[in-house]
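Participant: Sequence and predicted structure, then a few things I'm wondering about:
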Amino acid sequence: MKQIIVIATLAASLLAMGGCGADRMSEKGFSLPEGDTEQGRDAFLYMHCHECHTIAGVDLPRLELADPPYVELGGTVSKVKTYGELVTAIINPSHTLAKGYPIDEISNGEKSKMPIYNGFMTVQELIDIVMFLQPYYDVFVPQYEYRAFP
């Protein structure tokens with residue numbers, strides 16, 4: 001009986017210690033409330049996101065001083081753009097640079113040319129912009145042909 005108590009105590013201690021080394025930068029537990037797509041569109045325009053971005057299938061007013069390349073958001077993608085990925089792209093634009101564009105046109109070295117709006121954008125505007133953008137990503141499943149080996 002004493003052995004069972006010792007083993008159970010040891011197991012509980014190991015499980016408790018397993019959580020101590022968890023990554024502090026983990027996205028686990030990250031969840032924002034649902035936003036408003038219309039307010040997201042308004043915030044997207046208010047923040048002048050359309051100065052450098054287009055959205056697949058959406059007509060946005062052009063700004064006269066804006067120069068291409070326009071980094072396209074939305075469109076057909078092979079994996080879901082998660083809520084967390086879109087939030088990260090907005091609040092930390094250098095985390096992942098847009099693919100398919102000349103690197104010198106979208107970045108200064110490893111830093112994105114996209115301004116950081118964290119000191120100007122409210123959390124509600126962030127939530128609404130993400131809610132506005134997410135439906136414009138159309139996920140397709142790539143078709144693969146597998147070779148049968150004799």
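Facilitator: Noted; the coordinates are in hand.
Participant: any idea of the pLDDT on Tyr144?
Facilitator: Tyr144 carries a pLDDT score of 76 in this model.
Participant: so where does it fall, helix or strand?
Facilitator: Assessed by DSSP states H and E, Tyr144 sits outside every helix and strand.
Participant: Counting neighbours, what do you get for it?
Facilitator: Using other CB atoms under 10 Å, Tyr144 has 5 other residues around it. Where you see a C-beta, it was placed from the backbone N, CA and C, and this is true even at glycine.
Participant: next one: Thr82
Facilitator: The number of residues packed near Thr82 is 13, by other CB under 10 Å.
Participant: what does Cys49 give?
Facilitator: The local packing of Cys49 (other CB under 10 Å) involves 22 other residues.
Participant: dump the residue contacts of it.
Facilitator: Remark: with contacts taken as CB atoms under 8 Å, 6 or more residues apart in numbering, Cys49 is in contact with Ile129.
Participant: Next, work out how far apart it and Pro142 are.
Facilitator: Summarising the geometry, the distance separating Cys49 from Pro142, computed by CB to CB, to the nearest Å, is 29 Å.
Participant: quick one: least confident helix or strand in the protein?
Facilitator: Taking mean pLDDT, DSSP states H and E as the measure, helix 2-18 is the helix or strand of the chain with the lowest mean score, a mean of 54.
Participant: So which residue is dead centre in this protein?
Facilitator: In the chain, the C-alpha nearest the mean C-alpha coordinate belongs to Glu85, at 1.5 Å (CA atoms, centre = their mean).
Participant: does Glu85 sit in a helix or strand, and which one?
Facilitator: When secondary structure is defined using DSSP H and E, the element that contains Glu85 is helix 83-91.
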